[in-house]
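Peer 1: model this:
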Amino acid sequence: MSTSTWKLAQMCALQPLRVVNSLVKQAAQAQASAGPMGVGRWPHQRSASVRALATSSHTPAPKTTVSQRSMASVAESFDDWDEDLDSPPIKHEPPSVKEIARKRVGDLQRQALEGGGAERVAVQHSRGKLTARERLSMLFDAGTFRETDMIKAHRGVDFGMDKKRFAGDGVVTGQGKINGRTVFASSQDFTVLGGSLSETQAEKICKVMDRAMLVGAPFICLNDSGGARIQEGIASLGGYGEIFQRNVNASGVIPQISVIMGPCAGGAVYSPALTDFTYMVRDSSYMFVTGPEVVKAVTNEEVTAEALGGAQTHSRVSGVCHGAFDNELEAMAGVRRLVSYLPQSNRERAEVLPALDRRDRDDLGCLDLVIPDDPNSPYDMRAIVKKVVDNGDIEEIQPDYARNIITGFARMEGRSVGVVANQPLELAGCLDIDSSVKAARFVRFCDAFGIPLVSFVDMPGFLPGTVQEYNGLIRHGAKLLFAYAEATVPKITVITRKAYGGGYITMSSKHLRGDANYAWPSAEIAVMGAKGAAEIIARGKDKVAATREYEEKFANPIMAAERGFVDGLLRPSDTRRIICEDLELLQDKKLDNPWKKHANMPLERAPSARAACPAAPRRRLPIPHRAPGARTPSESHSKLHSKLPASASTSRPHAAAAPADRPARVTAPSVRRVLAMIPATVRPIRPRPPIPDPGIPSRGARDRH
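Peer 2: Numbering: from 1, shown residues only. Below you'll find the predicted structure:
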């Protein structure tokens, strides 16, 4: 309602009803006689009626009305109103610069909230996937997420990219709360340009990573991207490099978690590989360096994306993935559980929850009967671990990969601990390449963030066999030994049954600075099993008696306890109480390693597919043609055999014996190694030029033809 209309209504309300009705009739008659309303006629007549209404005094006013003096003053104000009606209409001024800016900001914020649009969001939902913002709402406590760089857009102009600008540029970044603790996160939006990484998107991710390191808080990256944005060329690759550098800088400083919730291919896969934990969603996420099309073009192999890099492949075969979930809601809940066990950074300790489970509860007596009498009978170590920890809860890491060892987080009287346990149900609990690498990485993470280690040992040693040896079991087994020896956090070890050979030393033994080492009465701590030892000790003698004698002396923990290699022999039912007491005692432990820039772990060649198949024939170089009077390589080898050390004359274990009717052929690499061991005094001054094969024409002959 305008001001003039409001004044008229107010004047009418101050007069008796019959006066108002009569004046309204007069105004209607005047309007009918005047014809169509003109600019100068109806306002003049209406102003007269209003003036009469304001100055009328022939009808006594009720007591509740205003006085004649006040009515006259109101009438005077209507004179000015009449002049306004007679004047031309007022022109509206254009909006100010600030109003335009506020409108643009509002439009950009709405665009950022809509992502790629309603149509693309519907396609995302039809695939069983959530949008980037929906995932963050599931991850963080309600109402705690605060976004940064909401309307930041890319700067590309090539290939029509200047017409494809989206606020936010396909990633949502910011910080929020998980169980009341600050966590930073980035979530890629596949509905915006396929979630492809641009220079601007990398800048947004790097900004929150820098802030996470600055304040000391975990960082979570939700990956759903088609890879680098090819329209930006090298700029997008540079963005990946910036992210990788921050992954390395943050390693061991703040916990880093990656969740693959869609495609992750090419260079993008290395960021999850550099983080501490990687999770995937079954049937909707995959990660690989080269896709199925490239694999088919190069190797002629036909493979699907799921078989090549799906969640099942990476959680069971490759070990790249630390856990797989059936849907995205379970994935977000799993990440929230994992974060609850971790500290904010390496400068803080993990949160200690109120102890709701007593250390001496009454249901632990079953542990006294869990170990079978037969030393070769398997049992479930996972059941023992769940019985010892709080409420039977353990958050397993890589549960489907290398099942012969268990790794995960649990609580002991509210304290977060890392659990490493051999599993006798798989490979009798032997350590192999995969289990050694799996446990070594977990131990190093716990040591980096001050999480105590609790180890349960039952393993007869390292897994024997040519496949393991050819793939480098010695080197990979040394990784676990290195990790335990380097760790300075509280280390508590319980030997439940077998602890043989190098496996006994590797699994956080007293010799590797173990703080508390215990053995159950069923423990067997020895160099090897009794049967194998008797085969060596009793050659040509009574092996049965030798086996029994060995079992009486070594198939028990008594000798280890006498030498102080274990701190005590425990009843299994007392295990939980003793571990809780030791954790309370060691909570302020301080131990530093000698100063160094960094250690040099055994990180050489990874297992190869060829080494896993030792029966594959080795490619041998053809023997060059021998001139009359020249010695064969085998003759030269036998001539020099007496001059070499004993280790050099040992043949390869997989080399086939040469038939008797022809001399054995020596491969070129072997000859080079042999020549390297020969003293300089017996080496030829320079090698003779090779003699060409007569079946192949020389260069000059080819030129003549």
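Peer 1: does residue 247 count as helix, strand or coil?
Peer 2: helix (DSSP: H, G, I helix; E, B strand; the rest coil).
Peer 1: that one contacts residue 271, doesn't it?
Peer 2: Yes. Shown here, residue 247 and residue 271 form a contact pair, counting by C-beta atoms under 8 Å, at 5.7 Å. Heads up, the C-betas are built off the backbone N, CA and C, glycines and all.
Peer 1: who touches both of these two?
Peer 2: Common neighbours of residue 247 and residue 271, counting by C-beta atoms under 8 Å, 6 or more residues apart in numbering, are absent.
Peer 1: average pLDDT for stretch 505-521, rounded please.
Peer 2: Taken as a whole, stretch 505-521 has a mean pLDDT of 96.
Peer 1: actually stretch 110-121, not the one I typed
Peer 2: 85.
Peer 1: run through who's touching that stretch.
Peer 2: Contacts of stretch 110-121 (C-beta under 8 Å, 6+ apart): 131, 132, 133, 150, 151, 166, 167, 168, 189, 191, 192, 193.
Peer 1: pull the distance from that stretch to the chain's centre.
Peer 2: 27 Å (C-alpha atoms, centre = their mean, to the nearest Å).
Peer 1: got the buried residues for that stretch?
Peer 2: Within stretch 110-121, the residues that count as buried by 16 or more other C-beta atoms under 10 Å are 111, 112, 114, 115, 116, 120, 121.
Peer 1: with stretch 291-307 instead?
Peer 2: So for stretch 291-307, counting by 16+ other C-beta under 10 Å, buried means 291, 292, 295, 305, 306.
Peer 1: what would those residues look like in CSV with distance to residue 376?
Peer 2: Converted to CSV, those look like this (distance: C-beta to C-beta, whole Å):
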residue, distance to residue 376
291, 47
292, 45
295, 43
305, 43
306, 39
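Peer 1: among these, which pair sits farthest apart?
Peer 2: 295 and 306 (13.4 Å; C-beta to C-beta).
Peer 1: tell me which stretches of the stretch 51-200 of the chain form helices.
Peer 2: Assigned by DSSP state H, counting those that start in this stretch, the stretch 51-200 of the chain shows helices spanning 68-86, 97-114, 118-126, 132-139, 199-215.
Peer 1: in TSV: those helices, plus distance to residue 535.
Peer 2: Putting those into TSV (distance: least, C-beta to C-beta, whole Å) gives the following:
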stretch	distance to residue 535
helix 68-86	117
helix 97-114	73
helix 118-126	64
helix 132-139	58
helix 199-215	57
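Peer 1: so what's the gap between stretch 247-261 and the chain middle?
Peer 2: That offset, for stretch 247-261, works out to 6 Å (C-alpha atoms, centre = their mean).
Peer 1: send the alpha carbons of it over as CSV?
Peer 2: Taking Å, rounded to 0.1, in the frame of the first residue of the first chain, the C-alpha atoms of stretch 247-261 are listed here in CSV:
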residue,chain,number,x,y,z
ASN,A,247,50.6,-36.1,0.4
VAL,A,248,54.3,-36.8,1.0
ASN,A,249,54.8,-33.8,3.3
ALA,A,250,51.7,-34.8,5.3
SER,A,251,52.7,-38.4,5.6
GLY,A,252,53.4,-39.2,9.3
VAL,A,253,52.2,-35.7,10.3
ILE,A,254,48.4,-36.0,9.9
PRO,A,255,46.3,-39.1,9.1
GLN,A,256,45.3,-39.2,5.4
ILE,A,257,42.4,-41.2,4.2
SER,A,258,41.2,-41.7,0.5
VAL,A,259,37.8,-43.1,-0.4
ILE,A,260,37.4,-44.1,-4.1
MET,A,261,33.7,-43.6,-4.9
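Peer 1: give the buried residues for it.
Peer 2: Applying 16+ other C-beta under 10 Å to stretch 247-261 flags 247, 250, 252, 254, 255, 256, 257, 258, 259, 260, 261 as buried.
Peer 1: check stretch 425-438 too.
Peer 2: Within stretch 425-438, the residues that count as buried by 16+ other C-beta under 10 Å are 426-438.
Peer 1: among the buried residues of stretch 247-261, which two are most distant?
Peer 2: 252 and 261 (25.8 Å).
Peer 1: the longest strand anywhere in the chain: what's the following helix or strand?
Peer 2: For the chain, the strand with the greatest residue count under DSSP state E is strand 491-500. Towards the C-terminus, the helix or strand next in line after strand 491-500, according to DSSP states H and E, is helix 501-506.
Peer 1: what distance do you get for residue 366 to residue 387?
Peer 2: Distance of residue 366 to residue 387, computed by C-beta to C-beta, to the nearest Å: 7 Å.
Peer 1: more neighbours: the two, which one.
Peer 2: Taking other C-beta atoms under 10 Å, residue 366 and residue 387 do not tie; residue 387 has more neighbours (18 against 12).
Peer 1: now do the contacts for the more buried one.
Peer 2: By C-beta under 8 Å, 6+ apart, the contact set of residue 387 is 363, 364, 366, 367, 576.
Peer 1: next, give me the two most distant ones among these.
Peer 2: Maximum pairwise distance among those (C-beta to C-beta): 12.1 Å, between 366 and 576.
Peer 1: which stretches of this protein have low pLDDT?
Peer 2: Within the chain, the ranges that satisfy pLDDT under 70 run 1-91, 540, 604-705.
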